[in-house]
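Student: Okay, sequence plus prediction incoming.
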Amino acid sequence: MKKVLKVELIKNRHIFKNVDIDGYIYDEIRNVRDLDYMKNKVKKSIDWLMERYEINDYMDLELNLYVTGLTVALIEAINFCNLYGVGLVLYHYDKVLDIYYRQDVYLDN
């Protein structure tokens, strides 16, 4: 069974009600065209989260990723999850209902 972590894409972009966030992928993004930075940051952040929550293998992890920012940053997170076998579910904010709704992501893993 996979360990599920609730993670925001970019730190402090939203205020979360009724959601206990376990961490984040990016603390900030200074240059949206620096894809190497973003790719490396995803790996560093996920490795840190795995160490913090005592998860030993990428395939034992599922991210519930709260989409709080840039598409280019989201794509790097999706690519990482696909490459390393991390399960992924996206959560998007609905301003009208003031809730996050789920979007399953079907990866090759």
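Tutor: Great, that's in hand.

Student: May I ask which helix or strand encompasses the nearest residue to His14 once chain neighbours are set aside?
Tutor: For His14, the nearest residue in space outside its immediate sequence neighbours is Thr68; the separation is 5.0 Å by C-beta to C-beta, 6 or more residues apart in numbering. (Glycine included, C-beta is placed from N, CA and C.) Remark: Thr68 resides in no helix or strand, with elements defined by DSSP states H and E.

Student: Tell me if I'm right that Thr68 and Ile10 touch.
Tutor: Yes. At 5.0 Å, Thr68 and Ile10 qualify as touching, with contact defined as C-beta atoms under 8 Å.

Student: Name the residue in those two with the higher neighbour count.
Tutor: Under the criterion of other C-beta atoms under 10 Å, the comparison of Thr68 against Ile10 puts Thr68 first, with 23 against 19.

Student: Select the longest helix from the chain.
Tutor: With secondary structure taken from DSSP state H, the chain has its longest helix at helix 35-52.

Student: Tell me what angle the following helix or strand past that helix forms with helix 35-52.
Tutor: The element immediately downstream of helix 35-52 (helix or strand, assigned by DSSP H and E) is strand 61-66. For strand 61-66 against helix 35-52, the angle between stretch directions is 120 degrees (axes from the mean of the first three to the mean of the last three C-alpha atoms, to 10 degrees).

Student: where's strand 61-66 relative to the chain centroid, distance-wise?
Tutor: With C-alpha atoms, centre = their mean, to the nearest Å as the basis, strand 61-66 stands 5 Å off its chain's centre.

Student: Quick check: closest non-adjacent residue to Asp98.
Tutor: Spatially, and ignoring its direct neighbours in sequence, Asp98 is nearest to Lys17 (7.6 Å; C-beta to C-beta, 6+ apart).
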